[in-house]
Structures are given as C-alpha cells and as structure tokens.
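Visitor: sequence below, structure please.
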Amino acid sequence: MVMGAAFKIIRKNKGLSQKEVAADIISTSFYSKLENENSNISADLFFQVLDNLDIALEEFEYIYNDYSHTSKKKIDDECKQIYYAGDITKLEEKKNEVEEIYKSTGDDFYNRLAILLYCLIQTYNSEKYDPEIINPIQSYLFSVETWGHYEIRLFTTCIKAFEVDTVLLLSNQLLNNLKPYSTYNFHERDIITVLINIIITCLDNNRLEEADYYIAVAKKRLTSEKIMFERNLINYLFGISLIHHLKSDEGYLIAMTSIDIFNSLNMNGMATQYEQYLEETIKNFSE
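Guide: Next up, the predicted model:
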C-alpha cells in the first residue's frame, strides 16, 4: 500500500474529513494531494498528521503494510513464540532457517537474530558460548550511539555470553544512552530486566561494588507500580548482595520475604529456583 492510500483508509475509517486531518498543519488541498500521492511530506508534518488521525506510528506501519507486519517482524515473532513454548528442537530449526536467510540476503539483522537464537539454545542446554559466534553482536552494541528496544533486547539475551568486563562496559554505555530519555518512560520494563541481569552477572562474578551500584540504579528507576514483579526481584537481589557483604541474617530475611511474595503470587517454580540460589549463596559464604 502507498502512504497516501494508508492515510485515506485511516481517515475514512475514523469518519474524518480531509479538512479535519489537515487542521493547523497543512492546507486541505495539500493534504488531498498527499492522499492522491501527488505530494511528499516532511517527517515533522507526517507525525503531526498522525496526531490529528489519533494513530500511533506502529499502527500506521501495520496498515501501510496491508494490515500485516514486515517480514522481519514476522520471523522475529515466530522465534519468540517458539522460545516461549519451550520447543528447543524447533528453535534450532528456526535458527538454521534464519542463517540461510542471512546467507541469501546478507542482511545483518538475520545474522544477529541467528546469534540470539544460538544464545537462547546454549542457555537452555547449559552449554558454553563460542566467543567468535557472539562477537558480531558485541561489536554492534559497542558501535551504536543510541540504544533502543532492539539493542536492549540484544544485550539482555546475550549478557550471559559476554565476559563480565564486557558486560560492565556495555552497561555503562546503556546508562549513557538512556540519559536523553530521563523524562520519558522508555521501555522501562526492558531496562529493569537488563539491570537485573547485570546485577546477577556482577554477583556471580563477585563484583560487589558494581552490583551495589546497579541495584541502586534499578531502585531509582522503579517508579512505576506496573512492574511489581521486577521490584520484588530487585529486593531479592539486594538481600543476596547483603549476604555477599557478610550480613547473612539481614540478607536472608530480605531475600526470603521476596520469595514468600513469589509464592503468594503462585509463582511457585520461580520461588523454588530463587530459594535454591539463596541456599547456595548462604552455603558458599558460611564455608
């Protein structure tokens, strides 16, 4: 579908006139030309027109693509569905399919997606990661000046495959990239999730100073009431951190309180997993 046709469909579906959509932005005649593909529009005016149509950019893109997602989003969504279903055999098959697409297109998106799938498979099978396979994502993340949802997802998925020093360097880059979004609730759950993974990496590698720093960063960002799960998990990790600092009694009580909350929310499997990790941590620091 051409852009003008998409504008026209949306406008008519919403029962708006061309004059209403063009109001305070451009002339009605100019907007009419736009719908008929007889004129171009700047990005600034494009977003203003979307505002007058009361439609989000992502929804406009979906309509523009004949009510379907792009081929990249389709295959990405398929990968997510297979992973969430826990079908590792199908995930390996999908990885092979994505690798073939990369070979035929040369599009780095598919190479990075194949690496993501590799990391998920290795993590699921508790197998080691090949640094050479991971390197393209590491290089990409270091090269990107402004991170968005895509880059945060790459980092979160591959974090266990990176050396701890690389994780800390990329973590610093992440925080620097987020500064322009300080007044905007930008992918907040994704950010908290990656901070949680950074904290776990620091604790597992006995980098206590860095773990304490990122716990403080995470707590400062926990402003939304919608991310109660993540808030509870941060409190749990704070308890684990206290145990690392040889404050075992206090840390144990805080961590167990979080585990009790997980149980109360019927997250019994997760509660058991975190309780085992807690017991292992207590054991390690009591020996």
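
Visitor: low-confidence regions, this structure specifically.
Guide: 1, 180-186, 287 (pLDDT under 70).

Visitor: redo that, cut-off 50
Guide: The chain contains no residues with pLDDT under 50.

Visitor: pick out the residue nearest the middle of it.
Guide: In the chain, the residue lying closest to the centroid (C-alpha atoms, centre = their mean) is residue 153, at 3.7 Å.

Visitor: for the residue nearest to it when sequence neighbours are not counted, grab the count of nearby residues.
Guide: Among residues not flanking residue 153 along the chain, residue 190 sits closest, at 6.9 Å (C-beta to C-beta, 6 or more residues apart in numbering). Backbone N, C-alpha and C define where each C-beta goes, glycine included. Residue 190 is flanked by 16 other residues according to other C-beta atoms under 10 Å.

Visitor: next one: residue 256
Guide: 15.

Visitor: mind listing what it touches?
Guide: 239, 275, 278 (C-beta atoms under 8 Å, 6 or more residues apart in numbering).

Visitor: for residue 194, same thing?
Guide: 152, 155-156, 159, 174.

Visitor: can you redo the residues you listed as a markdown table with secondary structure, distance to residue 41 and neighbour count?
Guide: Below are the contacts of residue 194 laid out as a markdown table (DSSP: H, G, I helix; E, B strand; the rest coil; distance: C-beta to C-beta, whole Å; neighbours: other C-beta atoms under 10 Å):
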| residue | secondary structure | distance to residue 41 | neighbour count |
| --- | --- | --- | --- |
| 152 | helix | 31 | 20 |
| 155 | helix | 35 | 23 |
| 156 | helix | 36 | 19 |
| 159 | helix | 41 | 20 |
| 174 | helix | 34 | 19 |
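
Visitor: in TSV: the residues you listed, plus distance to residue 256.
Guide: Conversion of these to TSV gives the following (distance: C-beta to C-beta, whole Å):
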residue	distance to residue 256
152	31
155	30
156	27
159	26
174	31
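
Visitor: re earlier: hmm, which of the contacts of residue 256 are the buried ones?
Guide: 239, 275, 278 (16 or more other C-beta atoms under 10 Å).

Visitor: among those residues, which ones are in helices?
Guide: Assigned to helices by DSSP state H, the following of the buried ones among the contacts of residue 256 qualify: 239, 275, 278.

Visitor: for the first one, what are its contacts?
Guide: So the one you mean is residue 239. So residue 239 contacts 250-258, 278 (C-beta under 8 Å, 6+ apart).

Visitor: how about the last one?
Guide: Contacts of residue 278 were listed using C-beta under 8 Å, 6+ apart, and they are 239-240, 243, 252, 255-256, 259.

Visitor: those in helices, which ones?
Guide: Reading helices off the contacts of residue 278 with DSSP H, I get 239-240, 243, 252, 255-256, 259.

Visitor: farthest-apart pair in those, please.
Guide: Spatial extent of those (C-beta to C-beta) is set by the pair 243 and 259 at 13.5 Å.

Visitor: coming back round to it: just among the ones in helices among the contacts of residue 278, which is most surrounded?
Guide: Most surrounded of these: other C-beta under 10 Å gives residue 255, at 26 neighbours.

Visitor: correct me if wrong: that one contacts residue 236.
Guide: Yes - with contact defined as C-beta atoms under 8 Å, residue 255 reaches residue 236; the gap is 5.2 Å.

Visitor: what residues do these two have in common as contacts?
Guide: residue 274.

Visitor: what sits against residue 8?
Guide: Counted by C-beta under 8 Å, 6+ apart, residue 8 has contacts residue 35.

Visitor: tell me which element it falls in.
Guide: Using DSSP states H and E, residue 8 maps to helix 3-13.

Visitor: how about the helices in the stretch 101-250 of the chain?
Guide: 108-124, 131-143, 149-158, 164-178, 188-204, 208-221, 228-244, 248-264 (DSSP state H, counting those that start in this stretch).

Visitor: any idea of the angle the fifth one forms with helix 228-244?
Guide: The reference is to helix 188-204. Counting by axes from the mean of the first three to the mean of the last three C-alpha atoms, to 10 degrees, helix 188-204 lies at 20 degrees to helix 228-244.

Visitor: could I get the buried residue list for helix 188-204?
Guide: 188, 190-203.

Visitor: fine by me, thanks again.
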